[in-house]
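Enquirer: 3D, please:
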Amino acid sequence: DLRHVGDWKEYLHVIDEKLAEAVTRLEQAIGSGALQFGPSHEDAQSD
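Expert: Have a look, this model is predicted:
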């Protein structure tokens with residue numbers, strides 16, 4: 001239970017590490033072509 005600023009600061013390094021890992025995996029997926037993007041919602045509406 002996080003009630004004080006000090007509580008969440010205690011876990012900030014864990015959150016930071018996990019976020020960095022997620023960004024690295026996302027970068028790898030985009031770079032390898034495993035993750036592809038289609039037209040955006042805005043592109044679909046303009047047709």
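
Enquirer: any idea which element Leu26 lies in?
Expert: helix 5-32 (DSSP states H and E).

Enquirer: what pLDDT, on average, does that helix get?
Expert: Mean pLDDT, helix 5-32: 91.

Enquirer: In terms of secondary structure, what does that helix contact?
Expert: When contacts are defined as 3 or more CB pairs under 8 Å, 6 or more residues apart in numbering; DSSP states H and E, helix 5-32 packs onto no helix or strand at all. For the C-beta atoms, the positions are set from N, CA and C on the backbone; glycine is no exception.

Enquirer: Following that helix in sequence, what is the next regular element?
Expert: helix 41-45.

Enquirer: So for the closest residue to Leu26 other than its chain neighbours, what's the pLDDT?
Expert: Leaving aside its chain neighbours, Leu26 sits nearest to Leu35 (7.3 Å; criterion: CB to CB, 6 or more residues apart in numbering). Per-residue pLDDT puts Leu35 at 86.
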